[in-house]
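structure here, sequence nowhere to be found:
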């Protein structure tokens with residue numbers, strides 16, 4: 001299962017795009033595979049829990 005940690009309020013319609021059973025999406029996850037941000041100022045502590053090798057992807 002792919003773990004996605006969310007920051008700030010993400011619209012439920014956007015979260016529905018992640019198939020249940022393939023993705024675990026929550027604000028509190030240990031060792032996430034990815035982060036989903038919306039208007040969040042990212043600091044070094046946020047990245048300490050992310051697995052090495054994660055690459056940023058930005059959608060506007």
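Ah, there it is. Please read these numbers as outputs of a predicted model, since none were measured by experiment.

which residues in the chain form strands?
For the chain, the strands defined by DSSP state E occupy 2-6, 23-26, 34-36.

and these as TSV, adding distance to residue 14?
Backbone N, C-alpha and C define where each C-beta goes, glycine included. What follows is the strands of the chain, written out as TSV (distance: least, CB to CB, whole Å):
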stretch	distance to residue 14
strand 2-6	10
strand 23-26	10
strand 34-36	8
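
now the helices for this structure?
Remark: helices assigned in the chain by DSSP state H are 12-15, 44-47.

worst mean pLDDT among these?
Ranked by mean pLDDT, the helices of the chain end with helix 44-47 at the bottom, a mean of 60.

go through stretch 20-35 and flag the buried ones.
For stretch 20-35, burial by neighbour count (16 or more other CB atoms under 10 Å) applies to 25, 29, 32-35.

any chance of the residues you listed in JSON lines, with pLDDT and distance to residue 1 too?
Formatted as JSON lines, the buried residues of stretch 20-35 follow (pLDDT from 0 to 100; distance: CB to CB, whole Å):
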{"residue": "25", "pLDDT": "92", "distance to residue 1": "10"}
{"residue": "29", "pLDDT": "86", "distance to residue 1": "11"}
{"residue": "32", "pLDDT": "84", "distance to residue 1": "11"}
{"residue": "33", "pLDDT": "85", "distance to residue 1": "9"}
{"residue": "34", "pLDDT": "84", "distance to residue 1": "12"}
{"residue": "35", "pLDDT": "81", "distance to residue 1": "16"}
